[in-house]
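Chemist: Here's my sequence, what's the structure:
(one chain, ligands or ions: 1)
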Amino acid sequence: MSDKKEILQGEFYDVAIIGAGPAGASLARMLDSEKYRILVIDGAEHHEKVCGGLISPDAQYVLAKHDICLPSEILASPQLFSVRTIDLSDGLTRYYRRNYLNVNRERFDNFLKSMIPKSVDTLKARCEAIDRLPDGFSLTLSEGVEIRCKYLVGADGASSIVRRSLFNNQKIHKYTAIQEWYEAKGENPYYSCVFDNDTSEGCSWIFFKDGELVFGGAFDIKNSREAFEAQKEKLIKLGIVPESVFASPKKIEACLVSRPKIGSGIFLGDGTAFLIGEAAGFISPSSFEGISYAMLSAEMLASSMNMADSPEKIIKKYRKNALKLIFKVIVKCVKRPFMYNRFLRRMVMKSGVTAIK
Ligand SMILES: Cc1cc2nc3c(=O)[nH]c(=O)nc-3n(C[C@H](O)[C@H](O)[C@H](O)COP(=O)(O)OP(=O)(O)OC[C@H]3O[C@@H](n4cnc5c(N)ncnc54)[C@H](O)[C@@H]3O)c2cc1C
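Modeler: Numbers count the residues shown, from 1 in each chain. You can find the predicted model right below:
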């Protein structure tokens, strides 16, 4: 993203989008830049997003709908056709067919950013403070630069400053996600989904990316590190990952990840400030897949802003458009116990329904 600091001091935009992840970059691509003067702000030096980098069938559908083809350099090796589900609590393993695309997340995000039209201004900066004005917002960016805007969009992920500053009463349950990267040492390249009720009410994963093995998981914020280490011990003991692989992590990363629940967590904004993607709470509460939700919520807000001509009409339309996505989150909440409740999961896994024989 370019650095337009000098010309931006005190400038006014119709729309400022904080965050150029899948949500922000998609919105910037789809918003009508003849109707709005648009600025996208993102503070990431490199894309530091902690992520599995798996493009789900739902995300593939959104890409197809927008006629977007991925260049091969975005893909990581290997590509995956099944997920190995491991229940550490009951010692069960099953394989299920899944067609994710395994990608390099930084390159994927950069590719989406490369499709932001030239008519949209982009700025590499962090938004550090937001003040409400009678006719919009004043944003204080890193190094003291200030800009003003009429409409503000929070596409700034799980720790959204827009949500914290303007809608602090709209809480969402969060976990700490921890990932460690190791040299793969010729391990069998499955994508594994790991459940262990003793250490986590979330799930963990093992995947392979271009010669590296990644182990990560979502854990209770209070004791995340201890739970992560306890799971590693179990994986070693059960012979799922050799101790020699876990011995020397090349990279350790952590962030917050949201988990919406039925009736709480999703919030779309109000007045002239809107939220999309994970900032709005759009993420699968069962699998933590969030890229399709980010792109879809961006599409829904873009069509609302492009068609409506007043703040009231925009939010009304966005709420209506987003009902489908909210319903999808509710369905995932209903599905969640079949993955996370030990008894129900054991029943499903033992039955072998939909498993690869
Ligand atoms: C460990 C982990 C693994 C995951 N694996 C997958 C997966 O395999 N597949 C999948 O589909 N989903 C996965 N997800 C979820 C997915 O990563 C997110 O849901 C998705 O990235 C949300 O997109 P977004 O555009 O809303 O936010 P983000 O991708 O988080 O983008 C937010 C952007 O805002 C910028 N930003 C934040 N704050 C500021 C600020 N103050 N000023 C300026 N810029 C700011 C950030 O730099 C960032 O670029 C995973 C999540 C976690 C935590």
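Chemist: and the residue nearest the centre of the chain, what are its phi and psi?
Modeler: Closest residue to the average C-alpha location of the chain: residue 290 at 4.1 Å, with CA atoms, centre = their mean. The phi/psi pair for residue 290 (degrees, to the nearest 10) reads phi -130, psi -10.
Chemist: how about the residue lying closest to it once chain neighbours are set aside, what does it touch?
Modeler: Spatially, and ignoring its direct neighbours in sequence, residue 290 is nearest to residue 283 (3.8 Å; CB to CB, 6 or more residues apart in numbering). Just so you know, the C-beta spots here come from the backbone N, C-alpha and C atoms, and that holds for glycine as well. Neighbouring residues of residue 283 by CB atoms under 8 Å, 6 or more residues apart in numbering: 257-260, 289-290, 293.
Chemist: What's the local residue count around the residue of the stretch 1-150 of the chain found nearest the ligand?
Modeler: Nearest to the ligand, among the residues of the stretch 1-150 of the chain, is residue 21, at 2.2 Å (CB to the nearest ligand atom). Residue 21: 29 surrounding residues under other CB atoms under 10 Å.
Chemist: ok, now which ones touch it?
Modeler: Each residue near residue 21 by CB under 8 Å, 6+ apart is listed here: 42, 47, 49, 109, 155-157, 277-278, 294.
Chemist: ok so, going back, pretty sure the residue nearest to residue 290 sits in a helix.
Modeler: No. Assigned with DSSP: H, G, I helix; E, B strand; the rest coil, residue 283 falls outside any helix and is coil.
Chemist: re the thing from before, now rank the contacts of residue 283 by neighbours and give me the top one.
Modeler: Taking other CB under 10 Å as the neighbour criterion, residue 293 ranks highest of the contacts of residue 283 with 29 neighbours.
Chemist: was I right about it contacting residue 281?
Modeler: No. Residue 293 lies out of contact with residue 281 (CB atoms under 8 Å); the separation is 9.2 Å.
Chemist: if we can go back for a sec, can you lay out the contacts of residue 283 as JSON lines showing distance to the ligand, pLDDT and secondary structure?
Modeler: Converted to JSON lines, these look like this (distance: CB to the nearest ligand atom, whole Å; pLDDT from 0 to 100; DSSP: H, G, I helix; E, B strand; the rest coil):
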{"residue": "257", "distance to the ligand": "4", "pLDDT": "96", "secondary structure": "strand"}
{"residue": "258", "distance to the ligand": "8", "pLDDT": "95", "secondary structure": "strand"}
{"residue": "259", "distance to the ligand": "11", "pLDDT": "94", "secondary structure": "strand"}
{"residue": "260", "distance to the ligand": "11", "pLDDT": "96", "secondary structure": "coil"}
{"residue": "289", "distance to the ligand": "4", "pLDDT": "96", "secondary structure": "coil"}
{"residue": "290", "distance to the ligand": "2", "pLDDT": "98", "secondary structure": "coil"}
{"residue": "293", "distance to the ligand": "6", "pLDDT": "98", "secondary structure": "helix"}
